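Undergrad: next comes the sequence, and after it the predicted model I'd like to discuss.
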Amino acid sequence: MYGLIDCNNFYASCERVFQPKLEGIPIVVLSNNDGCVVARSQEVKDLGIKMGVPVFQIKNEIKQHNIKVFSSNYTLYGDISNRVMSTISEFVANYEVYSIDEIFVDFTGFEKHFDLVEYAKEIKNTVRRNTKIPVSIGIASTKTLAKAANKLVKKHHRDIGVCYIKNQIEARELLKDFDVADIWGIGRQYDRLLKKHGFNTALQLMDASDVWIRKNLSIVGERLVNELRGIPCIEMEEVKPNKKGICVSRSFGKMIDDLPTLSESLSTHANRASQKLREQNSNTSLISVFIHTNRFRSDLPQYFASKDIKLPIPTNDGGNIIKAALKGLELIYKEGYKYKKCGIYLNDITSADGIQQNLFEEDDSDKKNRLNKAMDILNKKFGKETLVYGVQGFKKEWKLRQENLSLSYTTKLSDIPIVNLNKS
DNA sequence: TCTGGGGTCCTAGGACCC
DNA sequence: TCTGGGGTCCTAGGACCC
């Protein structure tokens, strides 16, 4: 038995933790650069505002319904997420943190000793008490069914917050009205394909022909259908495997046309990417950089470019990676365009232990390792970007727009909430 | 004026080997 | 008129997830 525990309207709920007066008030949280809506409170969902809409398209609704708007505050959400996950980890031995607001838990064997619904309710109440975050819990014999159960909570069992699919008889009953589009692993394209061939509900998909599924949805679809049938095909991943690719990119707060400013921004992303690499004790030997203009501005000339740089020796040194990135940037930069975004991908990722040296280049990796270690320690202790490379610049003209950022209540001493006892 | 930022896995097809 | 049979590796692109 698997459980999927998911935080309701997570980012919006986080914003409410330290501002309880926002309870019941419609809230949206925006993507980086205050671009799109990435999280909505229930009140906003009820208004019919869709996930992902550009915020300028809902200006009127925001005004009309007095919707409170927040820039995304990942420092806060990350910290609250850790609290939620650690509370849940007290209840189960095996679990997989699946995303910032979701966790799979392994309930195998629990059903023999506990009433699973009651046990789940206790988890839910404890999380709420410890963190103030509301969660929903779906339980079933496979991860895909647990995901579906979790969706069903939001439709039919919001009061209890738990949905338990005990066996396949119940699964068939509950999934007979379940839209294929809502199945974990069915996206827009597969939804269209399935509907075209008459598969509208999860139940119909459960009874589909294996050959047809294999042919049209590949092995991924075959696994998915078996999971719906109660045959587990997707295992728990309790330890996070190292990333095989690392990407850091951002849109600019305003459009940029000159190489020096682009270089500052790209250096910053490159440095951040090198930190991520070091966090998992890996090296890269293939760096790609890209820049592009604003694809929505059809009135402006468009330019999209990327460049791969192969490194002779795998590295995780910030200086090396920045140097390679800037070399790539110079090769693709063209004057006369208004750039909107740049970024860096690190690929060909290998372990940082046991590097194959190059016969013809001097080995200064020991010195660089010590430098990087020192930088990482300082930035961890005194806050990120305390110590940076000079090429990253100081003016940060390209930085994100974040006009409605809440405080870092839990991670920054100066932002800690103050309780005024006298007043109350 | 204004449109996010990360990831994973799978397949097909081409280049190459003997 | 007729042109083998078996592999591997890599990449680009497309699907998906949050």
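TA: In hand now; what should we look at?

Undergrad: measure residue A:413 to residue A:17 for me?
TA: Counting by C-beta to C-beta, to the nearest Å, the gap from residue A:413 to residue A:17 is 18 Å. C-beta: built from backbone N, CA, C; applies to glycine.

Undergrad: more neighbours: which of these two?
TA: Using other C-beta atoms under 10 Å as the criterion, residue A:413 and residue A:17 rank with residue A:17 on top: 18 against 6.

Undergrad: my read: that one touches residue A:128, true?
TA: No - contact criterion C-beta atoms under 8 Å: residue A:17 and residue A:128 do not qualify, at 11.0 Å.

Undergrad: what residues are shared contacts of those two?
TA: Residues touching both residue A:17 and residue A:128 (C-beta atoms under 8 Å, 6 or more residues apart in numbering): none.

Undergrad: low-scoring stretches of the stretch 301-424 of chain A, by residue?
TA: Within the stretch 301-424 of chain A, the stretches with pLDDT under 70 are A:355-361, A:423-424.

Undergrad: now do the stretch 51-200 of chain A
TA: Using pLDDT under 70, nothing in the stretch 51-200 of chain A is flagged.

Undergrad: in it, which spans are strands?
TA: In the stretch 51-200 of chain A, the strands defined using DSSP state E, counting those that start in this stretch lie at A:68-70, A:95-99, A:102-106, A:135-140, A:162-164.

Undergrad: looking at those strands, spot the one closest to DNA strand B.
TA: strand A:95-99 (7.7 Å; C-beta to the nearest atom of the strand).

Undergrad: for the residue of chain A found nearest DNA strand C, grab the count of nearby residues.
TA: Evaluated by C-beta to the nearest atom of the strand, chain A has residue A:187 as its residue closest to DNA strand C, separated by 2.3 Å. A count of nearby residues for residue A:187, using other C-beta under 10 Å, gives 9.

Undergrad: ok, now the one 5 residues further on?
TA: Other residues lying near residue A:192 total 11 when counted by other C-beta under 10 Å.

Undergrad: out of the strands of the stretch 51-200 of chain A, which comes closest to residue A:399?
TA: Shortest distance between residue A:399 and the strands of the stretch 51-200 of chain A, using C-beta to C-beta, is found for strand A:68-70: 17.9 Å.

Undergrad: residues near residue A:422, how many?
TA: For residue A:422, the count of nearby residues is 4 (other C-beta under 10 Å).

Undergrad: and it, how close does it get to residue A:135?
TA: Distance of residue A:422 to residue A:135, given as C-beta to C-beta: 36 Å.

Undergrad: cool, and residue A:323?
TA: To residue A:135, residue A:323 is 46 Å away according to C-beta to C-beta.

Undergrad: cool, and residue A:203?
TA: 27 Å.

Undergrad: ok, the two, which is more surrounded?
TA: Between residue A:203 and residue A:135, residue A:135 has the larger neighbour count (other C-beta under 10 Å), namely 28 against 18.

Undergrad: list the beta-bridge partners for that one.
TA: Residues in a beta bridge with residue A:135, per DSSP bridges, are residue A:7.

Undergrad: show me what contacts it?
TA: Residue A:135 sits next to A:5-8, A:84, A:123-124, A:127-128, A:161 when contact means C-beta under 8 Å, 6+ apart.

Undergrad: using ChimeraX, define a selection of the buried residues within those.
TA: Applying 16 or more other C-beta atoms under 10 Å to the contacts of residue A:135 leaves a buried subset, and the ChimeraX line that selects it is:
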select /A:5,6,7,8,84,123,124,127,161
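
Undergrad: how about the residues of chain A by DNA strand B?
TA: By C-beta under 7 Å from any atom of the strand, the residues of chain A that approach DNA strand B are A:31-33, A:35-36, A:38, A:52, A:54, A:56, A:218-220, A:241, A:243-251, A:255, A:269, A:276, A:294, A:296-297, A:340-341, A:343.

Undergrad: next, give phi and psi for residue A:46.
TA: Torsion angles at residue A:46 (phi, psi; degrees, to the nearest 10) stand at phi -70, psi -30.

Undergrad: so stretch A:56-76, near DNA strand C or not?
TA: No - using C-beta under 7 Å from any atom of the strand, stretch A:56-76 stays clear of DNA strand C, coming no nearer than 11.9 Å.

Undergrad: who's in contact with that stretch?
TA: By C-beta under 8 Å, 6+ apart, the residues outside stretch A:56-76 that reach it are A:11, A:14-15, A:22, A:25-32, A:34, A:37-38, A:43-44, A:47, A:49, A:55, A:401-412.

Undergrad: about what we covered before: show me the contacts of residue A:135 that map onto helices.
TA: Secondary structure defined by DSSP state H assigns A:84, A:123-124, A:127-128 of the contacts of residue A:135 to helices.

Undergrad: got these as TSV, with distance to DNA strand C columns?
TA: TSV is the format used below for the ones in helices among the contacts of residue A:135 (distance: C-beta to the nearest atom of the strand, whole Å):
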residue	distance to DNA strand C
A:84	13
A:123	19
A:124	18
A:127	17
A:128	19
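
Undergrad: what is the neighbour count of residue A:77?
TA: Using other C-beta under 10 Å: residue A:77 sits among 20 other residues.

Undergrad: again, but for residue A:321
TA: 25.

Undergrad: quick one, phi/psi of it?
TA: Dihedral pair for residue A:321: phi -70, psi -40, per degrees, to the nearest 10.

Undergrad: could you do residue A:67 as well?
TA: phi -70, psi 130.

Undergrad: helices along the stretch 51-200 of chain A, start to end?
TA: Remark: helices assigned in the stretch 51-200 of chain A by DSSP state H, counting those that start in this stretch are A:59-64, A:74-89, A:110-113, A:116-131, A:143-156, A:168-174, A:188-196.
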